[in-house]
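>>> A predicted structure for the sequence below; I have some questions about it.
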2 protein chains.
Amino acid sequence: MKLEEAKQRFVEAWGTLGTNWGINRTMAQIHALLLVTDEPLSTDQIMELLDISRGNANMNLRALIDWGLAERKVKLGERMEYFTGEKDIWKVAVKIIRERRKREIDPLRSTLRDLKMIDDKEQKKEEYKTFVKLLDDIDSYAESLDRVADKLVLTDRSWFFGTLMKLMAK
Amino acid sequence: MKLEEAKQRFVEAWGTLGTNWGINRTMAQIHALLLVTDEPLSTDQIMELLDISRGNANMNLRALIDWGLAERKVKLGERMEYFTGEKDIWKVAVKIIRERRKREIDPLRSTLRDLKMIDDKEQKKEEYKTFVKLLDDIDSYAESLDRVADKLVLTDRSWFFGTLMKLMAK
DNA sequence: CCGTATTTTCAAAATTTAATGAAAGTTTGT
DNA sequence: ACAAACTTTCATTAAATTTTGAAAATACGG
C-alpha cells in the first residue's frame, strides 16, 4: 500500500467510524483529511478531494470549527480562506469528550431532574419509591461520568497515561 | 406530575436520549418501559403501550436481548412470551459499555492496524513518519479507552464508586 | 398430523437525516 | 460605489434508517 492510498483509506475509515460515533460522514472525512494534511486546505480543495458540494463542505467545516477541531488560516495576500486541523490527538480527544458530554450527559441529567418533580401525595406508594430509586441510580452514574469527563478535560495527558492508566492495570 | 405521567415521560425521554447514543428510538423506549415496569410484559402489551407494530416490537426486543438488557420470561401454563428488563443500572451500564466498545473501539483499532501496512520503500519520507505517528497516537488513546472499558466491565461497582471516583475528585 | 396461537422475517412505505446547488450575502480592492 | 471573489444559507433532492404489516415459519395441544 502506498502512502497516498493509506491516507485515502484513513479518510474513508474515519468517515465510517464517525457514523458510529454520531458524527456525520462528511464532517468526519473533512476532519480526517485535515489531520493527514500538513498544509492548510481551501474549501475548493476539500470539495475536490472529497468530491462533495460547496454547501456541504462549508457547513461541516463550520461544525468542525465549532467543535474546535479545525481552524481558519488566512494566507497573506490571499482572499480565500484555508483550514487546518488540530493535530494533537489528546486535544482532539478532549474536544470530542466535551461535545459528547454536552450532547449526551447534560440532557440526560436535566431530564432526570425534571422527572423527580412528582406529586407529593403519591410518595407513599411502593411503586413511587422504586421509580425514584431508578432515577437516582441513573443520575448517580451520570454524575460519575460527568466527573470523569471533567477531570479528563481539565487534566493533562501525563495524568491520563500515568496515574489513571496505572490504576487500570491493577 | 403523577407517577404514571412521570413514567410515560421517562419512556419518551429515554427514547430521545437513545437517539443521541446511536440507539434507535423504539429500542430505547422498550428498554425504558421494561425498566419502569416490575411485571414482565408481553409483545402485545408493549405494542399497545408504545403504539408500535408487531415487527418493530419483535425486532427491537430481540436486539435488547442480544445486548443483554432484556430477557424472556416464560409464564407457567402460558404460551405467550413475556419480557423483563435488567433493573440493576450498573449492569445496564456495563452492557452498554460492552456494546459500544464493540461498535466503536474495535473497528477503529482494526482499521488502524490495517493502515500501518504501508510499503517499505516509502518509509524514508518525512511525510510517512508523520502519518504513522498519527496512527500510533490514535491507537494509543484507543488502547487506553479499551483498557478503561475492560476494567469497568470486569470490576464491580464498589471499585468504580470508591477507588476510581476518589481519584477523580483530586 | 392438524389446527391454532405465537413469533419471525422481510419487502415496501414512511420517516429522518444529510447533501446539493443556486441564490443571497459578505468582503475587499479599485 | 461597484464589481469580482468568496462564503453562507436554505429549499429541494437524495440517501440512509426505521417502521409497518402481511406472509412465512415455528411451537404446541389434542
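Thanks, I have the structure now. Just so it is clear, the structure is predicted and the values come from calculations on it, not from any experiment.
>>> going by C-alpha atoms from here, please, whenever you check contacts or count neighbours.
Fine.
>>> report the separation between the residue nearest the centre of chain A and B:Asp44.
With distances taken as Cα atoms, centre = their mean, the residue of chain A nearest its centroid is A:Ile96 (2.5 Å). Counting by Cα to Cα, to the nearest Å, the separation of A:Ile96 from B:Asp44 is 41 Å.
>>> what does A:Thr26 give?
A:Thr26 is 41 Å from B:Asp44, where distance means Cα to Cα.
>>> please apply the same query to A:Arg109.
Distance of A:Arg109 to B:Asp44, given as Cα to Cα: 32 Å.
>>> more crowded one of A:Thr26 and B:Asp44?
Per other Cα atoms under 10 Å in any protein chain shown, whichever of A:Thr26 and B:Asp44 has more neighbours is A:Thr26, with 23 against 17.
>>> how many neighbours does the nearest residue to the more buried one once chain neighbours are set aside have?
Among residues not flanking A:Thr26 along the chain, A:Gly15 sits closest, at 6.5 Å (Cα to Cα, 6 or more residues apart in numbering or on different chains). A:Gly15 has 23 neighbouring residues, counting by other Cα under 10 Å.
>>> just give me how far the lowest-mean-pLDDT helix or strand in chain A sits from the chain centre.
Every helix and strand of chain A was ranked by mean pLDDT, DSSP states H and E. The lowest is helix A:165-169, at a mean of 86. Computed by Cα atoms, centre = their mean, to the nearest Å, the chain-centroid distance of helix A:165-169 equals 24 Å.
>>> can you confirm A:Asp72 is in a strand?
One thing to correct before we go on: residue A:72 is Arg, not Asp. Yes - looking at A:Arg72 with DSSP: H, G, I helix; E, B strand; the rest coil, it is inside a strand.
>>> quickly list what it is bridged to.
A:Phe83 (DSSP bridges).
>>> and it, what is it in contact with?
The contact partners of A:Arg72, by Cα atoms under 8 Å, 6 or more residues apart in numbering or on different chains, come to A:65, A:81-84.
>>> most surrounded residue in those?
Most neighbours among the contacts of A:Arg72, by other Cα under 10 Å: A:Thr84, with 21 neighbours.
>>> pretty sure that residue contacts A:Leu33?
No - using Cα atoms under 8 Å, A:Thr84 makes no contact with A:Leu33, being 9.4 Å away.
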